[in-house]
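1. Quick one, what's the 3D model for this:
(chains A and B)
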Amino acid sequence: MRSLRVRDALVYHDHVLAIKSGLALSIFTCNQLIHNYSNNGFVQEARKLFDEMHQRNEFSWNAIIVAYIKAHNLTQARALFDSASHRDLVSYNSMLSAYVGADGYEAEALDFFAAMQSAHDSVGIDEITLTTMLNLTAKLGLVYHGKQIHSYMLKTANDSSKFATSSLIDMYSKCGSFHEACNVPSGCDGMADLVSKNAMIAACCREREMDMALNLFWKNHELNNIVSWNILLAGYVQNCYMEKALALFAEMIENGIGCDEHTLASVLSACSGLKCLKLGQCVHAWVLKNGCSSNQFISTGIIDLYCRCGNIRYAESVYAETVIKNPFAVASLITCYSSQGNMTEAQRHFDSLTERNYVAWTALFSGYVKSQQCEAVFKLFREYVSTKALVPQAKIVIHVLGACAIQAALGLGRQLHAYILRMRFVMDEKLRSALVDMYSKCGSIMHAEKMFRLVRDSNRDAILYNIMIAGYAHHGLENEAIQLFEEMSKKSVKPDAVTFVALLSACRHSGLVELGEKLFISMEEEYNVVPDNYHYACIVDMYGRANQLEKAVEFMRKIPIEIDATIWGAFLSVCQMSNNTDLVKQAEEKLLKIDIDNGSRYVQLANLYAAKGKWDEKGRIRKKMREKEAKKVAGCSWIYVADGIHVFTSGDTSHTKADAIYSI
DNA sequence: CTAGGGTTAG
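-> Model (predicted):
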């Protein structure tokens, strides 16, 4: 309705102007009309008027070029630019900023900038050109090029306007050079203009320096606008201070700052992070009332909120109503279905996307890995690699390596390693860690170690150490595991809960009771790591394997946390060592109360009674298991043969070639 | 005298 009225007004305006000026519109008037049409989204009308003009000047050409740029038609804009009879620096700058602002036109932007410097029109470049180029280097994260432009700006005295200052701060910050951003003259004190101050607050938030951001924010706070508040709000959300974000939002409302679409997008993220459905729904209602649901950040935020709060039906119904099927929203849905193990729906959503971006791909890969559907991961990866339009992403390769680790698919893992080298991926710690883990879990501890040693000392983080220590532990190399732990401590890399699970399980498998006890005590006292159920279970199991029932019982009594199925399970295997039926009964009762659906527990119990020759007890447990319809997944082996994967369980005769296999 | 291009937040 509103667009129609604007159109009528423009046409009417057109007539009035024509009559007033004796039917022949001046160039000036036509140029203004082209702008009016363009600003209201009527690019065709603008073009019609442009075509009808008898005379045109630079302003006319620029107006029509900008009209196409605003309509996101860069091809047409460029065609007009190339054919223009009048061109000036403004035409060039308009075209350049269009390329910089659009996604996927980075190369065109660079070429265009180069052409500007050698153009035969010789329009040259000015401060606007340079700030636009700063924007591009910021987008690409190329601090080296950003510095070159900065130097050029210094040389040509184009470095001190408020536009230059804010762009420089923004560029250095987005390129990861926070220090340089702080050193931009009159930028860091927040006393320059408001945009520069806001850019600086954003830089602090990016650097996770929230105290610094707050200091800046409250300096001359009466000058702050809604952008300043939104930056701080987004800063809290991105640094996971969700409660603080909501408190700031409340303050915004109290102070009459109001809120806009940026505000609401951040508030929705905070609600998702806190799984705060109530407030999130209030925002949803507000959005519906005020008609800003067409904003993609907002609709994605609402879908994400319902997904994270586990309400996938609402998420689906909101998604069904969105006009533009945003890949980010779909990624959220995929993640939600994946977490429920519903990969059919996850895949369906993925298939529905016409434009699959890297977020959607990553979500699907992650889902298949989490639900341990490794064959699906490998199949998806083949599809991904053959999609020529995609730039290969390290994050996705990391997921596929994870699937190799689960499946112990060493051959595939090695192929991936070769692929990584061939594609010249940057070997960062995450990629290297994934490779170490893959080699270790595929049984090739030697290659895992080799990869680990390739990481420079200073780049070895706790995660990498954990992977390698766990690798040694699984391969029965407890001395190497301990040694690496000592190296870790020496390099003052802080061990965490995962480190100690790996270490304690090395101790329990190799019967190093004293060392296990020592490590267990030191983890809390020296390293400030609070033991959780896995650590307690390790120690209980360690005593059990070492045949030290009394110590295990005593240890069980002292456990300060609620004893869960993991710990009772460990205790049950300790009972296997003793003849104390009372203890078994006790453990059984507790265990079945906690872990009623887990078939493994029933089987463990039944086997325990069977081993003691108590067949009636065994029968009783098996009957209970049938009553509860608890199922245990059978352990299995598998082998890759040329045409695919073959899975076997104990005593399995279901394979089509079972007779031949057994005879061999 | 009056026109067009560049900066900060999700």
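2. How many residues are close by A:Cys271?
-> 27 (other Cβ atoms under 10 Å). C-beta here means a position set from N, CA and C on the backbone, and glycine is covered the same way.
3. And the one 5 residues further on, by the same measure?
-> When counting by other Cβ under 10 Å, one arrives at 20 neighbours for A:Cys276.
4. residues in contact with it?
-> Neighbour list for A:Cys276: A:246, A:270 [criterion: Cβ atoms under 8 Å, 6 or more residues apart in numbering].
5. Got the phi and psi for it?
-> As for A:Cys276, its main-chain torsions (degrees, to the nearest 10) stand at phi -90, psi 90.
6. That one and DNA strand B: what is the separation?
-> Separation of A:Cys276 from DNA strand B (Cβ to the nearest atom of the strand, to the nearest Å) stands at 17 Å.
7. so how far is A:Phe555 from that residue?
-> Plainly put, A:Cys276 is 40 Å away from A:Phe555 if you go by Cβ to Cβ, to the nearest Å.
8. For A:Lys20, give me the pLDDT.
-> In the prediction, the pLDDT value recorded for A:Lys20 is 56.
9. avg pLDDT for stretch A:222-241?
-> Per-residue scores along stretch A:222-241 average to 95.
10. typo on my end, it should be stretch A:278-287
-> Regarding stretch A:278-287, the rounded mean pLDDT is 93.
11. Next: stretch A:483-498.
-> Stretch A:483-498 carries an average pLDDT of 92.
12. Stretch A:77-96 too?
-> When the per-residue pLDDT values of stretch A:77-96 are averaged, the result is 93.
13. Next, the buried residues of it.
-> The neighbour-count criterion (16 or more other Cβ atoms under 10 Å) identifies A:77-78, A:80-81, A:84, A:87, A:89-96 as the buried residues of stretch A:77-96.
14. Now A:Leu232: closest residue in space that isn't a chain neighbour?
-> Counting by Cβ to Cβ, 6 or more residues apart in numbering, the nearest residue to A:Leu232 once its immediate chain neighbours are dropped is A:Phe217, at 5.5 Å.
15. now do A:Ala234
-> Beyond its immediate neighbours in the sequence, the residue positioned closest to A:Ala234 (Cβ to Cβ, 6+ apart) is A:Ser266, lying 4.9 Å away.
16. who touches that neighbour in this structure?
-> For A:Ser266, the contacting residues are A:230, A:233-234, A:236-237, A:245, A:249, taking Cβ under 8 Å, 6+ apart as the criterion.
17. need the next SSE after the helix or strand of chain A with the lowest mean pLDDT, C-terminal direction.
-> Within chain A, judged by mean pLDDT, DSSP states H and E, the helix or strand with the poorest mean is helix A:2-20; its value is a mean of 55. Taking DSSP states H and E as the definition, the helix or strand that follows helix A:2-20 towards the C-terminus is helix A:27-39.
18. elements contacting that next one?
-> Where contact means 3 or more Cβ pairs under 8 Å, 6 or more residues apart in numbering; DSSP states H and E, helix A:27-39 is packed against helix A:2-20, helix A:43-52, helix A:58-70.
19. buried sites along it?
-> Burial within helix A:27-39, assessed by neighbour count using 16+ other Cβ under 10 Å, is assigned to A:30-38.
20. Take those residues and write them to TSV, including distance to A:Asn62.
-> Compiled in TSV, these are given as follows (distance: Cβ to Cβ, whole Å):
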residue	distance to A:Asn62
A:Cys30	13
A:Asn31	9
A:Gln32	13
A:Leu33	14
A:Ile34	9
A:His35	10
A:Asn36	15
A:Tyr37	14
A:Ser38	11
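21. in what helix or strand does the nearest residue to A:Trp568 once chain neighbours are set aside lie?
-> Excluding its sequence neighbours, the residue lying closest to A:Trp568 (Cβ to Cβ, 6+ apart) is A:Leu591, at 4.2 Å. Under the criterion of DSSP H and E, A:Leu591 resides in helix A:581-594.
22. Of the contacts of A:Ser266, just say which sits nearest to A:Ala403.
-> The nearest member of these to A:Ala403, counting by Cβ to Cβ, is A:Val237 at 31.9 Å.
23. next one: the helix or strand hosting that closest one to chain centre, how far?
-> Using DSSP H and E, A:Val237 sits within helix A:226-238. The gap between the average C-alpha position of helix A:226-238 and the chain average comes to 20 Å, counting by Cα atoms, centre = their mean, to the nearest Å.
24. Show the subsequent helix or strand relative to it.
-> helix A:242-254.
25. Tell me how chain A divides into domains.
-> Each structural domain of chain A that the record assigns through automatic domain parsing is listed here as a residue range: A:1-125, A:532-632, A:634-664.
26. what's the average pLDDT for the shortest one?
-> Averaged across domain A:634-664, pLDDT comes to 73.
27. Which positions in it come out as buried?
-> By 16+ other Cβ under 10 Å, the buried positions in domain A:634-664 come out as A:Phe648.
28. tell me the SS of the residue nearest to A:Ala552 when sequence neighbours are not counted?
-> The shortest distance from A:Ala552 to any non-neighbouring residue, by Cβ to Cβ, 6+ apart, is to A:Tyr543 (3.8 Å). Recorded secondary structure, A:Tyr543: helix (DSSP: H, G, I helix; E, B strand; the rest coil).
29. Send me stretch A:110-126 as CSV with only the CA atoms.
-> Provided in CSV are the C-alpha atoms of stretch A:110-126 (Å, rounded to 0.1, in the frame of the first residue of the first chain):
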residue,chain,number,x,y,z
LEU,A,110,40.9,-4.5,-6.6
ASP,A,111,41.0,-4.4,-10.5
PHE,A,112,38.8,-1.4,-10.5
PHE,A,113,41.0,0.4,-8.0
ALA,A,114,44.1,-0.4,-10.1
ALA,A,115,42.3,0.9,-13.2
MET,A,116,41.4,4.2,-11.4
GLN,A,117,45.1,4.9,-10.9
SER,A,118,45.8,4.5,-14.6
ALA,A,119,42.5,5.5,-16.1
HIS,A,120,42.9,7.6,-19.2
ASP,A,121,40.2,10.0,-17.9
SER,A,122,42.8,10.5,-15.2
VAL,A,123,40.2,11.4,-12.5
GLY,A,124,42.7,10.3,-9.9
ILE,A,125,41.8,9.2,-6.4
ASP,A,126,40.7,11.1,-3.3
